[in-house]
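> got a sequence here, can you model it:
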Amino acid sequence: MKKLIIINGTMGVGKSSTSQELMKLLPNSVFLDGDWCWNSYPFNPNEETKTMVMDNITYLLNNFLSCSAYEHIIFCWVMHKEEVLRNVLSRLKGDFQVFCFSLVCSEQALVLRLFGDVAVGTRREDVIERSVPRLQNYWDMDTEKIDVTYISALEAAELIENRVKLGQGQMNR
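Down below sits the predicted model:
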């Protein structure tokens, strides 16, 4: 049976890097980063663009789920509220298992990661004030937690791979 593996967490926690590593570990896998469905300048989050990004994400996920070439569909995105995650899941079709993981870390580790991104120009400094307050949301969500405070993206991916194999982190749709 196909497996949809959702990796969420606040900005800068390592979702994309972990997902890239996980894709290399799992056979017949495909990876969608939700940010790819909303990469615009200027970034303009309003009701119209929020609807559009949700439509884009669910269109792609449904196509991946219906394609016989893929066994593992890896999806990461900043879903800071349970209802965002449930909205994505409610739009998906087919017979598949869902595994949902939240990457979490200490506030200090998150700030260090974000400052590193700012220093190399991949993020603007205002990301810190937007990301840090959301960190607690992921501890509170009904997901399997992966604490990445002291581990690499590869180590996080290996933990997720093992938990998926054991059936841990599986959600009801």
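
> contacts for the strand ranked longest in the chain?
Assignment by DSSP state E gives strand 96-104 as the longest strand of the chain. For strand 96-104, contacts defined as CB atoms under 8 Å, 6 or more residues apart in numbering pick out 1-9, 13-15, 18, 65, 73, 85, 89, 135, 138-139, 141, 143-148, 156, 160, 163-164, 168-173. Yep, even glycine has a C-beta here, placed from its N, CA and C like the rest.

> after that strand comes which helix or strand?
With elements assigned by DSSP states H and E, the helix or strand that comes after strand 96-104 is helix 107-119.

> so what does the helix or strand just after that next one touch, helix or strand wise?
Per DSSP H and E, the first helix or strand lying C-terminal to helix 107-119 is helix 127-131. Applying 3 or more CB pairs under 8 Å, 6 or more residues apart in numbering; DSSP states H and E, we find helix 127-131 packed against helix 107-119.

> report the buried residues of the longest strand of the chain.
Neighbour-count burial for strand 96-104, with 16 or more other CB atoms under 10 Å as criterion, is recorded at 96, 98-104.

> follow-up on the earlier one: pull out the buried members of the contacts of strand 96-104.
The buried subset of these (16+ other CB under 10 Å) comprises 2-9, 13-15, 18, 65, 73, 85, 89, 135, 138, 141, 143-144, 146, 148, 156, 160, 163-164, 169, 171.

> inside helices: which ones of those?
The members of the buried ones among the contacts of strand 96-104 that map onto helices under DSSP state H are 15, 18, 65, 85, 89, 135, 138, 156, 160, 163-164.
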